[in-house]
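Colleague: only geometry, no sequence info:
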């Protein structure tokens, strides 16, 4: 990827910045000197993040609120948005799920992606802006212990592609990218999944993780998203795998 540090605005909104990969992404962007608008429901976590970086602004809010994207995009006019927020799935086999547990990621992850990407087209974002959606590697190969999680994450990919098509049709010059992180024991979301899948396959956690290579960390995720925001849109792919070794073009 060819570096190009210019965005139409120095501000970047990170939705889901309080923990895990989202916090790593907000931290990585904060270290570049960009103004980071960190969005999450946890005031304590966001205030801690803002206390570390004078260029991080905390926005305590529920990202599924359909009015939030409208107000924050209007207020900050960001050069990029990164959508990381989502629900933690219930980790049990299909027959132990209820519809409520099975559908939780549809009502959070998918809804957030829909509201925010829809608003980037309606507003719209400035030419040259980026929208990056953090999906999951589960979207590419399934996840039988997490109910509707894999399907919801796959739908995020579809929505991102639909938004790109509409932006192209309207000549908006906005770039939309999906990122698919590998399962990782380094976050509160991934650790229980690693434990459950290792137990399901009668392996130790180390044995289960071995084929994935180096574990993805929040710091690696942060560096990867910084790289995407600094890359010429002409050189960006629609989607990337993200592992401990960094980004890899899906195609």
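Modeller: Received it, and whenever you're ready, just let me know what you need. Bear in mind the structure is a predicted one, so any value in this text is a computation, not a measurement.
Colleague: Which residue ranges of the protein form strands?
Modeller: Here the chain has its strands, by DSSP state E, at 11-15, 35-40, 56-60, 80-83, 130-134, 175-181, 239-243, 246-249.
Colleague: So which of the ones you listed is nearest residue 197?
Modeller: strand 175-181 (15.3 Å; Cβ to Cβ). Yep, even glycine has a C-beta here, placed from its N, CA and C like the rest.
Colleague: what residues does the closest one touch?
Modeller: 21, 117, 129-137, 139-140, 153, 156-157, 160-161, 163-164, 167, 216, 221, 224-225, 228, 233, 236-243, 247, 250 (Cβ atoms under 8 Å, 6 or more residues apart in numbering).
Colleague: Measure how far that strand is from the centre of its chain, please.
Modeller: Mean-position distance between strand 175-181 and its chain equals 8 Å (Cα atoms, centre = their mean, to the nearest Å).
Colleague: Stretch 86-100 too?
Modeller: 21 Å.
Colleague: Could I get the buried residue list for it?
Modeller: By 16 or more other Cβ atoms under 10 Å, the buried positions in stretch 86-100 come out as 86-87, 89-91, 97.
Colleague: Looking at these, which one is closest to residue 122?
Modeller: For the buried residues of stretch 86-100, the nearest to residue 122 is residue 86 (22.6 Å; Cβ to Cβ).
Colleague: Next up, the contacts around that closest one.
Modeller: 16, 105, 108-109, 112.
Colleague: Including pLDDT and neighbour count, could these go into TSV?
Modeller: Supplementary listing: those in TSV, determined by pLDDT from 0 to 100; neighbours: other Cβ atoms under 10 Å:
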residue	pLDDT	neighbour count
16	98	25
105	98	27
108	98	20
109	98	29
112	98	27
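Colleague: Among those, which ones are in helices?
Modeller: 105, 112 (DSSP state H).
Colleague: now for the contacts of residue 86, which pair is the farthest apart?
Modeller: Every pair of those checked by Cβ to Cβ; the farthest is 16 and 105, at 12.9 Å.
Colleague: picking up where we left off before, any chance of the buried residues of stretch 86-100 in CSV with pLDDT and distance to residue 45 as columns?
Modeller: Listed next are those as CSV, based on pLDDT from 0 to 100; distance: Cβ to Cβ, whole Å:
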residue, pLDDT, distance to residue 45
86, 97, 16
87, 98, 16
89, 98, 21
90, 98, 23
91, 98, 23
97, 98, 29
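Colleague: What about the residues you listed, which are in helices?
Modeller: Using DSSP H, none of the buried residues of stretch 86-100 sit in helices.
Colleague: What is the nearest of those to residue 50?
Modeller: residue 86 (22.0 Å).
Colleague: right, and residue 92 touches residue 149 too?
Modeller: No - contact criterion Cβ atoms under 8 Å: residue 92 and residue 149 do not qualify, at 11.6 Å.
Colleague: Quick check on the contacts of strand 175-181: which are buried?
Modeller: Going by neighbour count (16+ other Cβ under 10 Å), the contacts of strand 175-181 have 21, 117, 129-137, 139-140, 153, 156-157, 160, 163-164, 167, 216, 221, 224-225, 228, 236, 239-243, 247 buried.
Colleague: Show me the shaky parts of the chain.
Modeller: For the chain, the stretches flagged by pLDDT under 70 are 1-5.
Colleague: if you set the cut-off to 80 instead, what comes out?
Modeller: For the chain, the stretches with pLDDT under 80 are 1-6, 251.
Colleague: residue ranges for the helices of it, please.
Modeller: Counting by DSSP H, the helices of the chain are 20-31, 43-52, 68-76, 99-102, 104-105, 111-122, 138-141, 149-170, 190-200, 205-209, 218-229.
Colleague: Output these as JSON lines; include the columns distance to residue 9.
Modeller: Output for these, formatted as JSON lines (distance: least, Cβ to Cβ, whole Å):
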{"stretch": "helix 20-31", "distance to residue 9": "13"}
{"stretch": "helix 43-52", "distance to residue 9": "19"}
{"stretch": "helix 68-76", "distance to residue 9": "8"}
{"stretch": "helix 99-102", "distance to residue 9": "39"}
{"stretch": "helix 104-105", "distance to residue 9": "31"}
{"stretch": "helix 111-122", "distance to residue 9": "13"}
{"stretch": "helix 138-141", "distance to residue 9": "29"}
{"stretch": "helix 149-170", "distance to residue 9": "17"}
{"stretch": "helix 190-200", "distance to residue 9": "32"}
{"stretch": "helix 205-209", "distance to residue 9": "39"}
{"stretch": "helix 218-229", "distance to residue 9": "11"}
